[in-house]
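A.B. asks: 3D, please:
(one chain, ligands or ions: 1)
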Amino acid sequence: MKQILIIGGGSIGERHVRCFQKTGRADVVLCETNDDLRQRIGDLYGLSNSFASLDDALTERFDGAVICTPAQLHVPMAQQLVERRIATLIEKPLSISVDGVGDLLTAVHGQQLPVSVAYVMRQHPALVEMKNALDRQDFGRPVQVVYTGGQHFPFYRPAYRDIYYKKHETGGGAIQDALTHVMNTAEWIVGPVTRLVADAEHCVLDGVNVEDTVHVITRHEAVLGSFSLNQHQPVSESRLTIVCERGAARFEGHHSRWLSSSKPDGPWQVENDFTLERDDLFARQADAFLDQIDGKALPACTLDEALQTLKVCLAALESVRTKQWVQI
Ligand SMILES: NC(=O)c1ccc[n+]([C@@H]2O[C@H](COP(=O)([O-])OP(=O)(O)OC[C@H]3O[C@@H](n4cnc5c(N)ncnc54)[C@H](O)[C@@H]3O)[C@@H](O)[C@H]2O)c1
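C.D. replies: Below is the predicted model of the structure:
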């Protein structure tokens, strides 16, 4: 059994506690500053131990840790863990600025420590299959990526006004909170964004000022991209289409499936669909991280890839402010 420390026992931290336990490979310990929450999660999941601060927790020895605190704390906490040679899984987004990321990268590469960033869509079996087909060039060279998606964020996070989401400085707003997942997925599939222009606005969500609606036009070298996303439409949907020279592939997150089309005027063909519970991707992510600690797997998302996605999101925020294209 691996000793795994979950840092931050809020919404995603509790899910990580549960999903690491589900692997049957981890003894989970919690670090959470909120006494009531720490007590509740400790009792609910029968945790062997818990701590009120990271400094206290680090008096013990852990094989791995998962950082589930608001984004402005991710890099300093990761630095602390890496200095103690603890394998680290960092929740998205990597940070809210690039400050400290260079030092973290140097420390991680220098020690060859297992570190990964929790862009959980990389665990989606439909996306993995679709990426494999695209990597094989089954439809030829990708030329265009088109994303449309939205969901009613208050329905899923009724407390959105009181958590990290309410401010950019804590990782909030549609760009840092939601678009980051989509950009990371798109970059994984068609390569890094090289320049972009973005438009965003706070349109609907009560009690916050951050953007809840965003449009981005991207370039990934030769590939052209467009992304539109909101956090208030009633129906939850997520559709990523990769148009290639000889056909197209489409991921539909809301149906957990991927499709293809290669005949002009023909229909979309369902390639594969999956029945997934919300926890399933996180349990896979936990297994992947434990495999990485065991030296049996590479990071699902490297620090360098997460840094690139961070730069894209920061560039999107800059473009919204300046109304200009931004080079990455
Ligand atoms: N991958 C996903 O699908 C996903 C989903 C939700 C959130 N997230 C990300 O996870 C992070 C946390 O989000 P959340 O929704 O769980 O937030 P949250 O507010 O529900 O939980 C954060 C927790 O961290 C605790 N905390 C704050 N400072 C701490 C410290 N110094 N030491 C220990 N605990 C501390 C808080 O008390 C709180 O309980 C964010 O970066 C968010 O973007 C990812």
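A.B. asks: alpha carbons only for contacts and neighbour counts from here, please
C.D. replies: Noted.
A.B. asks: So which bits of the stretch 1-150 of the chain are right by the ligand?
C.D. replies: Within the stretch 1-150 of the chain, the residues that sit near the ligand (C-alpha under 6 Å from any ligand atom) are 7-13, 31-34, 53-54, 68-71, 91-93, 120.
A.B. asks: And those residues, which of them are buried?
C.D. replies: 7-10, 12-13, 31-32, 54, 68-71, 91-93, 120 (16 or more other C-alpha atoms under 10 Å).
A.B. asks: I'd like to know how many residues surround Ala300.
C.D. replies: 21 (other C-alpha atoms under 10 Å).
A.B. asks: Then the one 3 residues further on?
C.D. replies: By the measure other C-alpha under 10 Å, the count of residues near Leu303 is 21.
A.B. asks: ok, it to Glu245 distance?
C.D. replies: According to C-alpha to C-alpha, to the nearest Å, Leu303 and Glu245 sit 31 Å apart.
A.B. asks: Equivalent analysis for Val182, please.
C.D. replies: Counting by C-alpha to C-alpha, the separation of Val182 from Glu245 is 22 Å.
A.B. asks: Then Asn132?
C.D. replies: Going from Asn132 to Glu245 by C-alpha to C-alpha gives 17 Å.
A.B. asks: For the stretch 101-250 of the chain, which segments count as strands?
C.D. replies: Secondary structure of the stretch 101-250 of the chain (DSSP state E, counting those that start in this stretch): strands at 115-117, 142-150, 195-201, 213-220, 223-230, 237-244, 247-252.
A.B. asks: Check these for me and report the most buried one.
C.D. replies: Stretch with highest mean neighbour count among those: strand 115-117 (a mean of 26; mean count of other C-alpha atoms under 10 Å).
A.B. asks: In its sheet, which strands sit next to it, and in what direction?
C.D. replies: Here strand 115-117 is paired, per DSSP bridges, with strand 87-90 (parallel).
A.B. asks: Using PDB, write out every CA atom in the partner strand.
C.D. replies: Presented in PDB, the C-alpha positions along strand 87-90 are these (Å, rounded to 0.1, in the frame of the first residue of the first chain):
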ATOM      1  CA  ALA A  87       5.800  12.200  -5.800                       C
ATOM      2  CA  THR A  88       3.100  14.800  -6.600                       C
ATOM      3  CA  LEU A  89      -0.100  15.000  -8.500                       C
ATOM      4  CA  ILE A  90      -1.200  18.700  -8.900                       C
END
